[in-house]
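Asker: Need the 3D shape of this:
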Amino acid sequence: MGIYIFLMAVIVEIAFAIPCIITKSNQEKIRSIIRIVAFIGFVLLTILEIIKWSFRYYTIAAVLLMCTV
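Answerer: Residues are numbered from 1 along each chain as shown. Modelled structure (predicted):
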């Protein structure tokens, strides 16, 4: 499951980076919204028990939480 989460994050970042590079704009507001949605999605997947909470997900949760603050 960790590989799928990582691949989804990479795909979203690449999909967002391409328009930013083309327009030469940083898009801070949209980037913040994407990170908040990623954190909410991670929490929902954990609550719905799609992701079985274990020690390996503490780091992912901490990084997503720090990015949203």
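
Asker: Can you spell out which helices and strands pack onto the longest helix along the chain?
Answerer: The longest helix of the chain (DSSP state H) is helix 2-23. On a contact count with 3 or more C-beta pairs under 8 Å, 6 or more residues apart in numbering; DSSP states H and E, helix 2-23 meets helix 28-47, helix 57-68. (Each C-beta comes from the backbone N, C-alpha and C, glycine too.)

Asker: Just put those helices in JSON lines and tack on mean pLDDT.
Answerer: Compiled in JSON lines, those are given as follows (pLDDT from 0 to 100):
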{"stretch": "helix 28-47", "mean pLDDT": "83"}
{"stretch": "helix 57-68", "mean pLDDT": "79"}
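
Asker: so which of those gets nearest I18?
Answerer: Closest of those to I18 is helix 28-47, at 13.1 Å (criterion: C-beta to C-beta).

Asker: buried set for the longest helix of the chain?
Answerer: Residues I5, A9 are the ones in helix 2-23 that count as buried (16 or more other C-beta atoms under 10 Å).
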